[in-house]
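In: Give me a model of this one.
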Amino acid sequence: MFDKAKQAYDMMKKQKELKKHLEATVVKVEEAGGKLKVSMNGEFKVVDISIDPYFLAPERKIDLENAIKRAISNAVGQSQTASAGKMKEMLKGFNIPGM
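Out: As a prediction, the model looks like this:
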């Protein structure tokens, strides 16, 4: 019984630590030759977006929209990979079904 309680406590402690690591893990993606930059953390929150004035002309609206979609998709993919690696590393040693 005590063993299970200790394991649950350790797991909660690891969860808090993991959350801090995911918040601190930031991936940066550039699109359109660096004219659009998106930064996203390991919790899939957009931290920063930088748009070059080149995209601010009305005739480039579609180009900007497409670049934003590509950048966010790439950032999510990179963030997922980074997050999965962190989770696997931090939860090593825990016997969690399905992981």
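
In: Tell me where the model's unsure across this protein.
Out: 1, 93-99 (pLDDT under 70).

In: ranges for the helices of it?
Out: 2-24, 61-90 (DSSP state H).

In: Show me the contact partners of the first one.
Out: Looking back up the chat, that one is helix 2-24. Residues outside helix 2-24 that contact it (Cβ atoms under 8 Å, 6 or more residues apart in numbering): 41-43, 83, 86-87, 90-91, 94. Using the backbone N, CA and C atoms, a C-beta is placed for each residue, glycine as well.

In: Can you get me a residue count around S50?
Out: 12 (other Cβ atoms under 10 Å).

In: Nearest residue to it in space, please, no chain neighbours.
Out: K37 (4.2 Å; Cβ to Cβ, 6 or more residues apart in numbering).

In: isn't the one you found right next to V29, touching?
Out: Yes. With contact defined as Cβ atoms under 8 Å, K37 counts as touching V29 (7.1 Å).

In: Between the two, which contacts overlap?
Out: Counting by Cβ under 8 Å, 6+ apart, the residues touching both K37 and V29 are A71.

In: before we move on, back to that, and among the helices of the chain, the most buried is which?
Out: helix 61-90 (a mean of 15; mean count of other Cβ atoms under 10 Å).

In: what angle do that helix and helix 2-24 make?
Out: Put simply, helix 61-90 runs at 150 degrees to helix 2-24, going by axes from the mean of the first three to the mean of the last three Cα atoms, to 10 degrees.

In: Make JSON lines out of the contacts of helix 2-24 and add distance to R70.
Out: What follows is these, written out as JSON lines (distance: Cβ to Cβ, whole Å):
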{"residue": "N41", "distance to R70": "19"}
{"residue": "G42", "distance to R70": "20"}
{"residue": "E43", "distance to R70": "21"}
{"residue": "S83", "distance to R70": "20"}
{"residue": "K86", "distance to R70": "25"}
{"residue": "M87", "distance to R70": "26"}
{"residue": "M90", "distance to R70": "30"}
{"residue": "L91", "distance to R70": "32"}
{"residue": "F94", "distance to R70": "36"}
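
In: Please consider this matter closed, and thank you.
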